[in-house]
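Enquirer: This is a predicted model, with the sequence first.
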Amino acid sequence: MLVTLEGLDGSGKTTVWERLQSDDAVPSEAVFTREPTDTWYGDAVQRSIDDDGADSLAELFLYTADHAAHLSNTVRPALDEDRLVVSDRYSDSRYAYQGATLEASETFDDPLSYVREVHAPWTRPPDRTVYLDLDPETAAQRSGATNKFETADYLSTVRDNYERLIDADPARFVRVDATADPDTVYERVRAAIFD
Ligand SMILES: Nc1ncnc2c1ncn2[C@@H]1O[C@H](COP(=O)(O)OP(=O)(O)OP(=O)(O)O)[C@@H](O)[C@H]1O
Ligand SMILES: Cc1cn([C@H]2C[C@H](O)[C@@H](COP(=O)(O)O)O2)c(=O)[nH]c1=O
């Protein structure tokens, strides 16, 4: 089973993902992974994140290359062994974030749909996605605005894109209010995955 954690920067995904790893109720063979990955593909993505002038389309394909390698090297092998996989960000991050970045270039009528089409023939959709729902202002504040994506304006478009994704596939998503205290958020995410 493939579970993904999604949401705006600062919504608390990594906090939950780290806590799940020390939870005795989580099967010991579970695989915890993330995008961008800790590989040279992920390093290339990180260079793009750090470049305020990075080309948006090139950036999409860097993230997408990282996803392709992540699928081949980590996600599919673990799923083939029937292991639970929990990924801190996955394909929906691309649809929501690069869908937002590409709006500015005006190359595509509907950038989010374009990014989905790029992935559709080869990606492995998640079985369940926990969406940590947070307003863009709090997200920018919590994340510390450490990269070009972490502004309330940009995150507002990203949030609209996540809403489109949820509307298109409501059975896959579980929405958790990320403004709740960390223990409450954790228990709700845990229930969303295991109940
Ligand atoms: N429920 C919560 N209430 C208040 N603060 C929280 C909550 N969950 C996490 N935080 C704090 O918000 C900050 C961001 O949390 P975290 O790194 O887990 O978010 P994230 O979604 O993984 O962000 P990013 O996508 O930018 O990596 C941290 O300082 C964390 O301690
Ligand atoms: C996977 C992915 C991520 N992003 C953005 C979101 C964040 O601002 C950074 C790094 O992610 P992290 O969770 O803070 O480590 O990258 C993106 O724009 N597109 C993606 O596909």
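Expert: That came through fine. Ligands and ions are numbered 1, 2, ... in the order given.

Enquirer: could you measure S143 against W40, distance?
Expert: 25 Å (C-beta to C-beta, to the nearest Å). Using the backbone N, CA and C atoms, a C-beta is placed for each residue, glycine as well.

Enquirer: So for these two, which sits in the more crowded spot?
Expert: When neighbours are counted by other C-beta atoms under 10 Å, S143 comes out ahead of the other of S143 and W40, with 18 against 10.

Enquirer: Tell me who's in contact with the nearest residue to the more buried one once chain neighbours are set aside.
Expert: Among residues not flanking S143 along the chain, G10 sits closest, at 3.4 Å (C-beta to C-beta, 6 or more residues apart in numbering). By C-beta atoms under 8 Å, 6 or more residues apart in numbering, the contact list for G10 reads 134, 138-144, 150.

Enquirer: Now G10. Its backbone dihedrals?
Expert: phi 80, psi 0 (degrees, to the nearest 10).

Enquirer: Kindly report the same for F32.
Expert: phi -100, psi 120.

Enquirer: which strand residues sit across from it in the sheet?
Expert: Beta-bridge pairing for F32 (DSSP bridges): V86.

Enquirer: Residue of the protein closest to ligand 2, please.
Expert: Y97 (3.1 Å; C-beta to the nearest ligand atom).

Enquirer: where's the nearest residue to that residue once chain neighbours are set aside, which helix or strand?
Expert: The shortest distance from Y97 to any non-neighbouring residue, by C-beta to C-beta, 6+ apart, is to V158 (5.5 Å). In this assignment (DSSP states H and E), V158 forms part of helix 152-168.

Enquirer: any idea of the mean pLDDT for that helix?
Expert: The average pLDDT within helix 152-168 is 98.

Enquirer: what's the answer for stretch 27-44, then?
Expert: Computed over stretch 27-44, the average pLDDT equals 98.

Enquirer: Quick check: residues of the chain near ligand 2?
Expert: 9, 35-36, 49, 63, 89, 93-94, 97-98, 147, 149 (C-beta under 6 Å from any ligand atom).
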